[in-house]
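Asker: need a 3D model of the sequence below.
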Amino acid sequence: MLTENKAFCAVQWSPFPAARLLLTLLRAVKRETFRSSKGALMASAEVRSDDHSIDPIPEADRDSTGPQQMWIWAGANIAPVNWALGALGIVLKLGLWETIAVIVLGNIVGCAIFSAFTVMGHKTGVGQMVLARSAFGRRGAYLPSLLMFLMTLCWIGVNTYFPVKIGMAILGQFGVPDTWITNLIVITLVMGLQVSIGTYGFYAIRTFEKYTVPVTVAIMALMSVLAWTRPGIVNWSLGSTLPPGAHLAMISLLTTAIGVGWGISWVTWASDYSRFVPRSVKPAAVFWYSYIGMFVPTVWLGILGATLASVTLDTDPAKMVSAVFGGTTSLLVLLLVLHGPIATNILNVYSAALAALSMEVKLSRIKLATIVGIAGYVVTIYFIFAPSFAKAFDNWMVSLLLWMSPYAGVVLADYFVKRKGEIDVAELYKAPDVSAYGDINWAGIIAFAVGLVAAWSVEDGLVSALQGPISTGLLGGADLSWLVGIVVSGGLYLVLSPSMAPSTVAMKQA
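Answerer: Numbering: from 1, shown residues only. You can find the predicted model right below:
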């Protein structure tokens, strides 16, 4: 209790707004954990096998709470990957304070977009890729489901990269050599644990996050105090060395990649977990608990990563750790490092299986989890040996948003504007030839494709294939892909929908 109180005091007196937000999160977690210990929420904390597939969650099984949703998203984002998000701005030559501004302002918008998607699952009890059938058609939704599945496989590798790098750096302080064998041992342990929890399902995920988030928040607070109060760790006056044109272009690129883009990159997961919240909970509560759970740790760790990189000038998390933490503290950091990717990847394993099942893949969840784990191994090895992780990671984030922004635009327009939040859930599961949502909704497919091209035209990635002609030719390298992707796809979908009925509906009317 004494250690926890010290952590509270250290954060409470911090001059940073993000620290005070973190204190709010930690207090909410503390209150909810106390109530659980008194028995009020014992049923909700029960670890039991999740036998649900992609069918709607029955109301009797929807026992998740707003704070539990917050824990899920906070746990998934208290991860070393968010250190790199902040460090990217420094490595790509923005100043420290403008990098912090990009992280904060961008995530205000991105996390709001993400939280809007959690409302969909809460109202319908349906996962995200099944909900896509409303906008894309019964089998037309196979397209975003396939993209979601492949993307999730790669995310597991990205997230596992960090505990391997940082874990080896910390173990090296105790004489453990950094060899292929030790790397594979760390990968195997982390991958085995996260695949096991993800396979067991939602209830295991919820309980894991509930009891691990308070500990990791306290460790993160300690790390922040050590980093920000010791001399020589942070270069608070670090400015940009970019010329004016390239400077503006880089700000827009990083707003896409590490600001707004981070929230958007989670939208295809959102409803998979909010579908377990009962309808008696107000939608606004689901929105704001999810928002806080996503925003606070993302911004907090992003700022921490940026401040540490202001001296190390590197996104390598091992160098960040060795520059600030050592001895006993490094063991606490190792706990945080191991928790982060596990807390994130258990969601990836679970949602990847749901995405595959929504395409009616005839494999069990266990077999799908095995495929996910193998793919995660391959991607982890790729990132470990990439010449520049910063460039590889930035290209990865920008390429994600190239399709996720138009997807978000179509789904948001369909759910909130066209259908005004009213979905006929039963029709989502009917056969393609009889479902009211049709086999393929060409309005959704065309709007998605046009939005994809429009987003690419104003994108400015770090490789030529991701540099659109409008961005490079007319915008001086500015990247507006996230905004254009959402606006063009959503707007075109609303224009096309009245005149392009889903295919099977048209056949029945004929």
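
Asker: contacting residues for A246?
Answerer: G477 (C-beta atoms under 8 Å, 6 or more residues apart in numbering). Using the backbone N, CA and C atoms, a C-beta is placed for each residue, glycine as well.

Asker: count of neighbours near the residue nearest to P80 when sequence neighbours are not counted?
Answerer: Among residues not flanking P80 along the chain, F162 sits closest, at 3.6 Å (C-beta to C-beta, 6 or more residues apart in numbering). As a burial measure, F162 scores 26 neighbours (other C-beta atoms under 10 Å).

Asker: isn't F162 right up against L338?
Answerer: No: counting by C-beta atoms under 8 Å, F162 stays clear of L338, with 9.7 Å between them.

Asker: chain center to stretch 354-363, what's the gap?
Answerer: Put simply, stretch 354-363 sits 21 Å off its chain's centre (C-alpha atoms, centre = their mean, to the nearest Å).

Asker: again but with stretch 279-289, I slipped
Answerer: 20 Å.

Asker: so what touches that stretch?
Answerer: For stretch 279-289, contacts defined as C-beta under 8 Å, 6+ apart pick out 59, 62, 65-67, 69-70, 115-116, 118-119, 122-123, 274, 277.

Asker: buried ones among these?
Answerer: 62, 65-67, 69-70, 115-116, 118-119, 122-123, 274, 277 (16 or more other C-beta atoms under 10 Å).

Asker: could you export the residues you listed to JSON lines, including columns for secondary structure and pLDDT?
Answerer: Shown next, in JSON lines, are the buried ones among the contacts of stretch 279-289 (DSSP: H, G, I helix; E, B strand; the rest coil; pLDDT from 0 to 100):
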{"residue": "R62", "secondary structure": "coil", "pLDDT": "94"}
{"residue": "T65", "secondary structure": "coil", "pLDDT": "93"}
{"residue": "G66", "secondary structure": "helix", "pLDDT": "94"}
{"residue": "P67", "secondary structure": "helix", "pLDDT": "93"}
{"residue": "Q69", "secondary structure": "helix", "pLDDT": "95"}
{"residue": "M70", "secondary structure": "helix", "pLDDT": "95"}
{"residue": "S115", "secondary structure": "helix", "pLDDT": "97"}
{"residue": "A116", "secondary structure": "helix", "pLDDT": "97"}
{"residue": "T118", "secondary structure": "helix", "pLDDT": "97"}
{"residue": "V119", "secondary structure": "helix", "pLDDT": "97"}
{"residue": "H122", "secondary structure": "helix", "pLDDT": "97"}
{"residue": "K123", "secondary structure": "helix", "pLDDT": "96"}
{"residue": "S274", "secondary structure": "helix", "pLDDT": "97"}
{"residue": "V277", "secondary structure": "coil", "pLDDT": "97"}
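
Asker: just those residues now: which is nearest S196?
Answerer: Of all the buried ones among the contacts of stretch 279-289, S196 sits closest to Q69, with 22.6 Å by C-beta to C-beta.

Asker: what segments of the stretch 351-500 of the chain are helices?
Answerer: Listed in chain order, the helices of the stretch 351-500 of the chain (DSSP state H, counting those that start in this stretch) span 365-384, 389-412, 425-428, 442-457, 469-473, 481-496.

Asker: what mean pLDDT does the third one have?
Answerer: To tie it back to what came earlier, the one meant is helix 425-428. Average pLDDT, helix 425-428: 96.

Asker: centre of the chain to that helix, how far?
Answerer: 27 Å.

Asker: the chain should start at 36 in everything you say after this.
Answerer: Got it, the first residue is 36 from now on, which makes the last one we talked about helix 460-463.

Asker: quick one: low-confidence ranges for this structure?
Answerer: Within the chain, the stretches with pLDDT under 70 are 36-84, 349-363, 420-436, 496-498, 536, 538-545.

Asker: tell me the secondary structure at D86.
Answerer: coil (DSSP: H, G, I helix; E, B strand; the rest coil).

Asker: give me phi/psi at it?
Answerer: Backbone torsions of D86, given as degrees, to the nearest 10, read phi -90, psi 0.

Asker: show me what contacts it?
Answerer: By C-beta under 8 Å, 6+ apart, the residues touching D86 are G236.

Asker: from G145, how far out is the closest residue to F149 other than its chain neighbours?
Answerer: Nearest residue to F149, sequence neighbours excluded (C-beta to C-beta, 6+ apart): G298, at 4.1 Å. To G145, G298 is 3 Å away according to C-beta to C-beta, to the nearest Å.

Asker: of the contacts of stretch 314-324, which is the nearest to W335?
Answerer: Nearest to W335 among those, with distances taken as C-beta to C-beta, is M105, at 14.2 Å.
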